[in-house]
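In: Got a sequence here, can you model it:
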Amino acid sequence: ILNIQGVMFEGNSVTGHGGAIYASDTEMTLNNTTFLHNSAANNGGAMYIVAVNLSGKDNIFTENSAVNHGGAIYVNYTGSGENRVASVVDLTDGSFEGNTAMAGGAVSIRTSCKATFTGTSFVNNSVTGYADENDGDGDGGGAIYVGFGELTLNNVTATGNTAGFGGVVDAFVSNVTVSGGTYSSNEATDGGVFYAKSGSNITISNATFTGNKSTYINTDVNSNKGGGVVNVSGGSLTMSKVVLDGNITDYYGGAVLANGTQVTIKDGCEIKNSQGKTGAALYFKGGCTVIIENSSITDNVATGNGVVYQNSGTLTITNVTATGNEAVSGGVLFASGNSTNVTISGCDWNNNTAAVGGAIHLGNGTMHVIGSSFSANSARLGGAIYVTVAQLQIENVIFTNNTATVDDAGQNGNGGAICISGGTVTGTGN
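Out: This is a model prediction of the structure:
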């Protein structure tokens with residue numbers, strides 16, 4: 001067993017792994033220890049651990065660097081198959097600040113390894129360059145990269161971390177669990193806080209995300225670019241009691257971009273003040289199955305289509321309030337695609353605005369609205385709902401004081417509550 005307490009490691013370097021410490025096949029405790037300006041020409045600027053159980057508290061990792069992975073710590077395994085022995089990390093409090101690497105600016109977690117951080121702060125960590133997202137070996141994670149492993153973040157503070165993919169975390173075929181904590185002003189091209197692909201599962205509860213950003217910096221424009229907080233492909237995303245406030249993107253999904261993902265947003269989530277082009281708050285594509293319930297969508301602004309955007313797949317919205325949202329088309333929701341199926345029930349959507357469809361623009365697909373109310377929404381075409389080449393069924397819905405407005409060119413509005421241009425609308429008890 002290796003016990004380290006109250007030690008300063010400063011300015012150490014190595015041509016291989018572990019600028020200050022290389023440890024394997026041991027138990028290790030680390031407390032009140034500082035790692036400053038250590039570097040590795042390969043992995044683990046401060047520490048490289050293999051098949052190690054590492055625990056500790058109040059450690060400081062500042063401005064360490066690695067050429068490849070894990071600017072501060074590289075967490076690795078030994079062996080394979082049934083003989084694999086993985087590292088397990090459990091660190092409490094302390095900080096990681098200003099660390100850099102090609103992937104995992106602060107920490108890189110490898111196959112079968114597990115890491116838990118509780119009450120830890122990650123500040124201004126970064127990855128170097130804009131690398132290839134498709135090689136499966138980790139090219140992002142301003143603070144943390146996890147590949148084929150498990151990561152748990154409890155009451156963590158993450159601020160000012162940057163990367164091409166995942167300003168805070170880049171997860172590849174991994175499970176990420178977040179409980180509590182605040183995440184602010186982190187930035188990446190894809191996933192200002194989290195980037196996850198190839199079947200990763202992300203579960204977030206009781207956390208706050210403020211002012212995170214997806215910044216479009218590459219010339220390869222495609223509809224996977226964005227996600228001011230989360231950019232996820234495949235796998236699952238579950239959010240409960242989460243506040244998403246003032247997150248932005250230069251393109252898709254100011255808060256969330258999901259592609260072919262099982263998404264659940266529930267239990268009092270607040271989605272507000274997001275900004276982006278299409279799906280300024282939430283962008284779903286590729287056949288996502290989405291449930292949004294018992295939450296609010298407020299004061300988000302889209303410069304394109306929809307604060308919430310759904311293309312193909314299934315979207316179920318229940319007991320959601322939507323107020324003060326703005327878009328060019330579909331002030332709250334823009335739904336399209338022949339295979340899109342939307343159900344809205346028990347919702348109250350009011351004071352939303354757009355040029356087309358003050359609350360909803362339904363283009364292609366089907367929608368069933370049940371027991372909901374639309375009030376004081378406005379657009380030139382369809383003050384509340386605009387339907388084109390789609391099927392809309394409304395049941396026990398109340399429309400109050402919605403308005404079809406005159407646009408800046410002086411064109412008169414049509415359909416104070418609903419405007420239909422192709423498709424079919426049926427209703428009962430409205």
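In: Using PDB, write out the CA atom coordinates for stretch 40-47.
Out: Extracted C-alpha coordinates of stretch 40-47, given in PDB (Å, rounded to 0.1, in the frame of the first residue of the first chain):
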ATOM      1  CA  ALA A  40       4.800  13.600 -19.700                       C
ATOM      2  CA  ALA A  41       5.800  13.100 -23.300                       C
ATOM      3  CA  ASN A  42       3.200  10.300 -23.500                       C
ATOM      4  CA  ASN A  43       0.300   9.900 -21.000                       C
ATOM      5  CA  GLY A  44      -0.300  11.100 -17.500                       C
ATOM      6  CA  GLY A  45       1.300  14.500 -17.000                       C
ATOM      7  CA  ALA A  46       1.300  14.100 -13.200                       C
ATOM      8  CA  MET A  47       0.200  10.500 -12.600                       C
END
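In: Tell me the backbone dihedrals of the spatially most central residue of the chain, please.
Out: Taking Cα atoms, centre = their mean as the criterion, Val230 is the residue nearest the geometric centre of the chain, at 1.1 Å. For Val230, the backbone dihedrals (degrees, to the nearest 10) come out as phi -130, psi 130.
In: Please look at it and Val193 and confirm they touch.
Out: Yes. Using Cβ atoms under 8 Å, Val230 makes contact with Val193 at a distance of 6.6 Å. Every C-beta, even on glycine, is put in place using the N, C-alpha and C of the backbone.
In: ok, now how distant is Gly18 from Ile73?
Out: Separation of Gly18 from Ile73 (Cβ to Cβ, to the nearest Å) stands at 9 Å.
In: Mutual contacts of these two, please.
Out: Taking Cβ atoms under 8 Å, 6 or more residues apart in numbering as the criterion, Gly18 and Ile73 both touch Gly44, Ala46, Met47, Tyr48.
In: Next, count neighbours for the third one.
Out: This points to Met47. Neighbourhood size, Met47 [other Cβ atoms under 10 Å]: 31.
In: do the first one as well
Out: Other residues near Gly44 number 35, with proximity taken as other Cβ under 10 Å.
In: Who does Thr182 form a beta bridge with?
Out: Here Thr182 shows beta-bridge partners Thr157, Thr208, assigned using DSSP bridges.
In: which residues touch it?
Out: In this structure, Thr182 makes contact with Thr157, Ala158, Thr159, Ala207, Thr208, Phe209, Thr210, judged by Cβ under 8 Å, 6+ apart.
In: cool, and Thr33?
Out: Taking Cβ under 8 Å, 6+ apart, we find Thr33 in contact with Ile4, Gln5, Gly6, Val7, Met8, Phe9, Gly56, Asn59, Ile60.
In: I'd like to know how far the fourth one sits from Asp25.
Out: I take that to be Val7. Between Val7 and Asp25 the computed distance is 21 Å (Cβ to Cβ).
In: low pLDDT regions in this protein?
Out: Across the chain, the stretches falling below the confidence threshold (pLDDT under 70) are 129-139, 217-223, 408-410.
In: So what touches whichever strand in it runs longest?
Out: In the chain, assigned by DSSP state E, the strand with the most residues is strand 333-345. When contacts are taken as Cβ under 8 Å, 6+ apart, the neighbours of strand 333-345 outside the stretch itself are 278-279, 287, 305-319, 327, 357, 359-372.
In: How far off centre is stretch 407-418?
Out: Taking the mean C-alpha point of stretch 407-418 and that of its whole chain, the gap between them comes to 36 Å (Cα atoms, centre = their mean, to the nearest Å).
In: What is the end-to-end distance of it?
Out: Taking Cα to Cα, to the nearest Å, the first and last residues of stretch 407-418 lie 17 Å apart.
In: Can you give me the buried ones in that stretch?
Out: Using 16 or more other Cβ atoms under 10 Å as the test for burial, stretch 407-418 gives Gly413, Asn414, Gly415, Gly416, Ala417, Ile418.
In: I'd like these as TSV, with distance to Ile297 and secondary structure appended.
Out: Converted to TSV, the buried residues of stretch 407-418 look like this (distance: Cβ to Cβ, whole Å; DSSP: H, G, I helix; E, B strand; the rest coil):
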residue	distance to Ile297	secondary structure
Gly413	24	coil
Asn414	26	strand
Gly415	23	coil
Gly416	23	coil
Ala417	20	coil
Ile418	21	strand
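In: now these in a markdown table, with distance to Thr264?
Out: Compiled in a markdown table, the buried residues of stretch 407-418 are given as follows (distance: Cβ to Cβ, whole Å):
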| residue | distance to Thr264 |
| --- | --- |
| Gly413 | 37 |
| Asn414 | 37 |
| Gly415 | 33 |
| Gly416 | 35 |
| Ala417 | 31 |
| Ile418 | 30 |
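In: Quick check: the farthest pair among the shared contacts of Gly18 and Ile73?
Out: Across the shared contacts of Gly18 and Ile73, the two members that end up farthest from each other (Cβ to Cβ) are Ala46 and Tyr48, 8.7 Å apart.
In: Which one's more surrounded, the two?
Out: Ala46 (33 against 28).
In: got the CA coordinates for stretch 264-279 in CSV?
Out: Once non-C-alpha atoms are left out, stretch 264-279 reads as follows in CSV (Å, rounded to 0.1, in the frame of the first residue of the first chain):
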residue,chain,number,x,y,z
THR,A,264,-36.0,11.5,-20.9
ILE,A,265,-36.4,15.0,-19.4
LYS,A,266,-38.5,15.0,-16.3
ASP,A,267,-39.2,16.0,-12.7
GLY,A,268,-39.1,19.7,-12.8
CYS,A,269,-36.3,20.4,-15.4
GLU,A,270,-36.1,24.0,-16.4
ILE,A,271,-35.0,24.8,-19.9
LYS,A,272,-34.6,28.5,-20.3
ASN,A,273,-32.8,31.4,-22.1
SER,A,274,-31.2,29.1,-24.6
GLN,A,275,-30.1,30.5,-28.0
GLY,A,276,-29.3,28.8,-31.3
LYS,A,277,-30.3,28.4,-34.9
THR,A,278,-32.5,25.3,-35.2
GLY,A,279,-33.7,23.6,-32.0
